[in-house]
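Colleague: Could you work out the structure for the sequence below:
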Amino acid sequence: MVVIFGLFGKTGCGKTEILQRLKRNHPVIDIEGIARTRGSILGDLYHLNMASQEEFDREINEKIREAQEVGYLIVEYEGRKIGGVKKLKIPELLADVKNYTYKILIDCPYNYQIENLVSWYKPKNEKEKKLLLERILLLRESFKNPDIIRKIDEIIEKIREDKYYEAAELIEKELYRSHYMRNIKKIEPDLVVYNRDIEESVKKIEEFIEEKLKYHGITWRKRS
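Modeller: You can find the predicted model right below:
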């Protein structure tokens, strides 16, 4: 038996950044870090060294064993698979939302969300811009719905014009929103955090975790 604290929420609201801060004091399983990609359809865009399934399984199962010895873990919910074109299967313990003891929903201001998406995907040079366009075109081929295809064509046009904020707005609305809303609708959150400041959000989450660990009789000491 292991107590699982799961982070849920919109793409771009800082879940990964919050998870990195929580690593300072808690057993965290960083699925994206282990997979060496982000948990979205453009997750492996600039990540050319994504883990193999064998590497991923070995490292994530070791992290699960370590967390079981402590009695709890914190993880960002990614669903059953992670990756872009190439996908990695996530172990059932972390893939099935029913295994999550506590569900923490991370929300944020819209502008904060879009600016995060821009920072992730805005190409640094012409080579990366070409890669971004190639990936969007590849994604376009996977859809049959003419409305979605038209929206993807709009995204491509915005990228060609270097209008990355507008492109990110379209990516969030047309490609990401339905996916993360499906995951959010699966849960009744035990804690909702409106993330405007990472450190403040981490403080609120740590207070919640400490309270629940006491309830479960699990000892936790803040690392110096």
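Colleague: what residues does the worst-scoring helix or strand of the chain on mean pLDDT touch?
Modeller: Every helix and strand of the chain was ranked by mean pLDDT, DSSP states H and E. The lowest is helix 177-185, at a mean of 82. The contact list for helix 177-185 (CB atoms under 8 Å, 6 or more residues apart in numbering) reads 8, 9, 10, 11, 40, 41, 77, 79, 97, 105. Bear in mind the C-beta positions are built from the backbone N, C-alpha and C, glycine included.
Colleague: In it, which residues are buried?
Modeller: Residues of helix 177-185 classed as buried: 180, 183, 184 (neighbour count, 16 or more other CB atoms under 10 Å).
Colleague: same deal with stretch 54-69?
Modeller: 56, 57, 59, 60, 63, 64, 67.
Colleague: Render the CA-only coordinates of that stretch in PDB, please.
Modeller: Output of stretch 54-69 as PDB, limited to C-alpha atoms (Å, rounded to 0.1, in the frame of the first residue of the first chain):
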ATOM      1  CA  GLU A  54      12.700  -0.800 -21.500                       C
ATOM      2  CA  GLU A  55      14.700   2.100 -20.000                       C
ATOM      3  CA  PHE A  56      11.400   3.800 -18.900                       C
ATOM      4  CA  ASP A  57      10.100   0.600 -17.300                       C
ATOM      5  CA  ARG A  58      13.300  -0.100 -15.400                       C
ATOM      6  CA  GLU A  59      13.700   3.400 -14.000                       C
ATOM      7  CA  ILE A  60      10.000   4.100 -13.100                       C
ATOM      8  CA  ASN A  61       9.600   0.700 -11.400                       C
ATOM      9  CA  GLU A  62      12.700   1.400  -9.300                       C
ATOM     10  CA  LYS A  63      11.200   4.800  -8.300                       C
ATOM     11  CA  ILE A  64       7.900   3.000  -7.400                       C
ATOM     12  CA  ARG A  65       9.800   0.500  -5.200                       C
ATOM     13  CA  GLU A  66      11.700   3.400  -3.400                       C
ATOM     14  CA  ALA A  67       8.400   5.300  -2.800                       C
ATOM     15  CA  GLN A  68       6.700   2.100  -1.400                       C
ATOM     16  CA  GLU A  69       9.400   1.900   1.200                       C
END
